[in-house]
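Trainee: Model the structure of this input:
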Amino acid sequence: MDLPQRKVIRLKDYDYSSNGAYYVTICVVGRHNILGKIAVGANCVRPLLSEIGCIIENEIPILSNTYDCVFIDKYIIMPNHIHMIILIVKDGRTEFAPTLSRVIKQFKGSITKQIGFSVWEKSFNDRIIRNMDEYKRIWHYIDNNPAKWAEDEYYENI
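Mentor: Numbers count the residues shown, from 1 in each chain. Now for the predicted structure:
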């Protein structure tokens, strides 16, 4: 029996533990709106988080404490997904840096353990931020995401 080939979503031969800025999106399985809600049409700055959304928000700063060279520079928890800018910054003293996949796996696993079940899609989407203009564009996109929820590609009016 031929099984379908899984799509490769990471950049081939790229070291995802190298210094850099990464734009990451993590989605809830089935895109169910379980992380919070946004009043569509309101000029919302931050979503009203559910209990699970609050657990996620409390877990985000722990990533920087878990890994000395990992920093969450910007994030937003939307009703069915999360956007983050993750910085990996190795200084001369840091010999080991986790891969981006390891950071996300630890993050998802910690939340799963706290709530007792997994809410996550199998993988995550990432983009290597290549320059300051791209960084600023992504930073503003994350910042304005709640106000544009009805236009979001992940929007589900359920």
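
Trainee: Give me the mean pLDDT for stretch 29-36.
Mentor: The predicted model gives stretch 29-36 an average pLDDT of 94.

Trainee: for residue 16, what are its contacts?
Mentor: If you count contacts by Cβ atoms under 8 Å, 6 or more residues apart in numbering, residue 16 has them with 10, 22, 99, 100, 101. (C-beta placed from N, C-alpha, C; glycine too.)

Trainee: Highest neighbour count among those?
Mentor: The residue in the contacts of residue 16 with the most neighbours, by other Cβ atoms under 10 Å, is residue 100 (23 neighbours).

Trainee: my guess is it contacts residue 21, does it?
Mentor: No: applying Cβ atoms under 8 Å, one finds residue 100 not in contact with residue 21, separated by 10.7 Å.

Trainee: Now list whatever residues contact both of these two.
Mentor: residue 86.

Trainee: quick one: least confident of the contacts of residue 16?
Mentor: Comparing pLDDT over these, the lowest score belongs to residue 10 (50).

Trainee: can you give me the strands for this structure?
Mentor: 20-27, 36-37, 48-49, 70-77, 81-88, 125-129 (DSSP state E).

Trainee: In CSV, please show the C-alpha coordinates belonging to the fourth one.
Mentor: It refers to strand 70-77. Taking Å, rounded to 0.1, in the frame of the first residue of the first chain, the C-alpha atoms of strand 70-77 are listed here in CSV:
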residue,chain,number,x,y,z
VAL,A,70,15.4,32.0,22.9
PHE,A,71,13.2,35.1,23.1
ILE,A,72,9.6,35.7,22.2
ASP,A,73,9.7,39.2,20.8
LYS,A,74,6.0,39.5,19.8
TYR,A,75,3.0,37.3,20.0
ILE,A,76,-0.8,37.2,19.8
ILE,A,77,-3.1,34.5,20.8
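
Trainee: Thanks a lot, catch you later.
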